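>>> next one to model:
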Amino acid sequence: MATEPATKGAAPAATPSATPAETPSATPAGTAPAPAGKKNLLGLIVLALAVIYPLAPFIDWGLAAIGAPAANLDRHLVSIFVFAMLALALNLQVGYAGLLQLGISAFFAIGVYTAAILTVAKYPFQLELWGALVAAPIAAAGAGLLLGAPTLRLRGDYLALVTLGFAEVMRVLLLNLESVTDGPRGLNPVPAPWLPSTVESLAGRAATTGHLHQLVIYYTALGCLVALVVVFRNIEKSRLGRAFVALREDELASACVGQNPSRIKLIAFAGGAAVAGLAGALYATNLTTTAEPNTYDFNYSVMVLCCVIIGGLGSVRGALLGAAVLVGFDNVASPMLTRWMQKSAGSDTGNVLLTFSNWRWIIFGTALVLMMRYRPRGLWPAERRREHDGDAQPARAQEGSA
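Here you go, the predicted structure:
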């Protein structure tokens, strides 16, 4: 008898949930998948432009038409592709698995020097670029496992310090092993990719001027980047991707539901290192030298981390966008602005105040501060986090109206 009044009183309380007044709050969740087609179309357009650009550099044509200095974007695009691969590698470790890794430059340097040792005339291997593209990721992945195994219990700042120390040790090691790495001179020249003689004869003048080999490096780097994007997009939707997210959010909880955090961490370390090694092999071939070991210092790791943070942690599109923005600004826009500033001031003496590249770290730091203040999830955040935020906003709105 006492339960009847409670039942009668509960019925009116349930009716507002079925009223049409609250149904619009579910509309954003229902319409969220709609822009996916537009994003895929945008990606296909960008890919098509990247494919045709070396054959039809329309941006350089437009700059020449208005009398602006040439950007030579086709030469810099390979560097953008390489940094995009590094951003994807670091995003796997930091964005997916939540491992604060500050030593990506070490694995990149391992890939660079592995490719150089296997291709330069000083050594008898002579595997060319195609063999280096296989060996460099394997060597870097092995180094990633060697670093990851002793640091499985470390988290946060402690892991960051260990990886930073590993990068510094690797840099000093490459600098002092002169009998192997030629010390500060670096290994050079790294030969151009091998091509069949029939291809070179068909290319004619392009083969003799080196333009053919530049095209081969360009399209090889673009192909590797596209393949990595496809792989990482599939990882996001796979069981391994969900294991990465669980590890990032709560390591103890992921272990309680049957995951193996140690195994997942080693996969993240080895996978990210392998991608960085692949980028290093392409970088050395494009640069035709390893450069000096001091090139791969802490600033290199910070640059890649800036690409990931500005683009959006855990987002493949964000990593690509961050690399395009930062590296494009540093390699393309900065020299053009330097020439414009010196031309406007009537000075070509290389004044440090008129050299725009000297201001880049101030600009990068300011950009990071503004990003953390106004868009902390990055320019293109991960879809899962965006959907979570979209679901949380109607709940906060209902609480405010209540």
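>>> what about stretch 169-186, start to end distance?
With C-alpha to C-alpha, to the nearest Å applied, stretch 169-186 spans 17 Å between its terminal residues.
>>> now do the buried residues in that stretch.
Counting neighbours by 16 or more other C-beta atoms under 10 Å, one finds that the buried residues in stretch 169-186 are Met170, Arg171, Leu174, Thr181, Asp182, Gly186. All C-beta atoms are positioned from the backbone trio N, CA, C, and that covers glycine.
>>> which residue is the nearest non-sequential neighbour of the fourth one?
In this structure, Thr181 finds its nearest non-sequential neighbour in Leu174, 5.0 Å apart by C-beta to C-beta, 6 or more residues apart in numbering.
>>> which helix or strand lies directly C-terminal to the helix or strand where that neighbour lies?
Using DSSP states H and E, Leu174 sits within helix 156-176. Using DSSP H and E, the helix or strand that directly follows helix 156-176 along the chain is helix 178-181.
>>> who's in contact with that following helix?
Tyr113, Ile117, Leu174, Leu175, Leu187, Thr290, Pro293 (C-beta atoms under 8 Å, 6 or more residues apart in numbering).
>>> can you mark which positions in stretch 148-162 are buried?
Within stretch 148-162, the residues that count as buried by 16+ other C-beta under 10 Å are Gly148, Thr151, Leu154, Leu159, Ala160, Val162.
>>> residues in contact with that stretch?
Counting by C-beta under 8 Å, 6+ apart, residues outside stretch 148-162 touching it are 99-102, 147, 163, 251, 261-262, 265-266, 268-270.
>>> run the chain-centre distance for that stretch.
22 Å (C-alpha atoms, centre = their mean, to the nearest Å).
>>> just the CA trace of it, in PDB.
Taking Å, rounded to 0.1, in the frame of the first residue of the first chain, the C-alpha atoms of stretch 148-162 are listed here in PDB:
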ATOM      1  CA  GLY A 148      61.500   1.400 -23.300                       C
ATOM      2  CA  ALA A 149      62.200  -1.900 -21.500                       C
ATOM      3  CA  PRO A 150      64.100  -0.300 -18.500                       C
ATOM      4  CA  THR A 151      61.700   2.600 -18.200                       C
ATOM      5  CA  LEU A 152      58.400   0.700 -18.000                       C
ATOM      6  CA  ARG A 153      57.800   1.800 -14.400                       C
ATOM      7  CA  LEU A 154      58.500   5.500 -15.100                       C
ATOM      8  CA  ARG A 155      55.800   8.000 -15.700                       C
ATOM      9  CA  GLY A 156      55.400  11.700 -16.400                       C
ATOM     10  CA  ASP A 157      58.400  13.900 -15.700                       C
ATOM     11  CA  TYR A 158      60.700  11.000 -14.800                       C
ATOM     12  CA  LEU A 159      60.100   9.400 -18.200                       C
ATOM     13  CA  ALA A 160      60.600  12.800 -19.900                       C
ATOM     14  CA  LEU A 161      64.000  13.200 -18.200                       C
ATOM     15  CA  VAL A 162      65.200   9.700 -19.100                       C
END
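>>> my guess is the residue nearest to Thr181 meets Ala291, correct?
No: using C-beta atoms under 8 Å, Leu174 makes no contact with Ala291, being 10.6 Å away.
>>> give me the neighbour count for Ala64.
Applying other C-beta atoms under 10 Å, we find 13 residues neighbouring Ala64.
>>> repeat that for Met372.
Met372: 11 neighbours (other C-beta under 10 Å).
>>> that one sits in which helix or strand?
Assigned by DSSP H and E, Met372 falls in helix 360-374.
>>> got the buried residues for that helix?
In helix 360-374, counting by 16+ other C-beta under 10 Å, buried: Phe364, Ala367, Met371.
>>> any idea how far it is from the chain center?
Relative to its parent chain, helix 360-374 has a centroid offset of 18 Å by C-alpha atoms, centre = their mean.
>>> who does that helix touch, helix- and strand-wise?
helix 298-311 (3 or more C-beta pairs under 8 Å, 6 or more residues apart in numbering; DSSP states H and E).
>>> which strands and helices sit next to the helix it packs on?
The contact analysis (3+ C-beta pairs under 8 Å, 6+ apart) places helix 298-311 against helix 73-90, helix 104-119, helix 156-176, helix 316-328, helix 360-374.
>>> may I see these organised as a markdown table, with distance to Gly277 and mean pLDDT added?
Shown next, in a markdown table, are the helices and strands packed on helix 298-311 (distance: least, C-beta to C-beta, whole Å; pLDDT from 0 to 100):
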| stretch | distance to Gly277 | mean pLDDT |
| --- | --- | --- |
| helix 73-90 | 9 | 92 |
| helix 104-119 | 3 | 96 |
| helix 156-176 | 12 | 94 |
| helix 316-328 | 17 | 92 |
| helix 360-374 | 25 | 82 |
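>>> which one of those lies nearest to Gly37?
helix 316-328 (14.4 Å; C-beta to C-beta).
>>> okay, the closest one in PDB with CA atoms only?
Extracted as PDB, the C-alpha positions of helix 316-328 are listed here (Å, rounded to 0.1, in the frame of the first residue of the first chain):
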ATOM      1  CA  VAL A 316      46.400  12.300 -36.900                       C
ATOM      2  CA  ARG A 317      45.000  15.300 -38.900                       C
ATOM      3  CA  GLY A 318      46.200  17.600 -36.100                       C
ATOM      4  CA  ALA A 319      49.800  16.200 -36.300                       C
ATOM      5  CA  LEU A 320      49.800  16.800 -40.100                       C
ATOM      6  CA  LEU A 321      48.400  20.300 -39.700                       C
ATOM      7  CA  GLY A 322      50.900  21.200 -36.900                       C
ATOM      8  CA  ALA A 323      53.800  20.100 -39.000                       C
ATOM      9  CA  ALA A 324      52.600  22.000 -42.100                       C
ATOM     10  CA  VAL A 325      52.100  25.200 -40.100                       C
ATOM     11  CA  LEU A 326      55.300  25.200 -38.100                       C
ATOM     12  CA  VAL A 327      57.700  23.800 -40.600                       C
ATOM     13  CA  GLY A 328      56.100  25.700 -43.500                       C
END
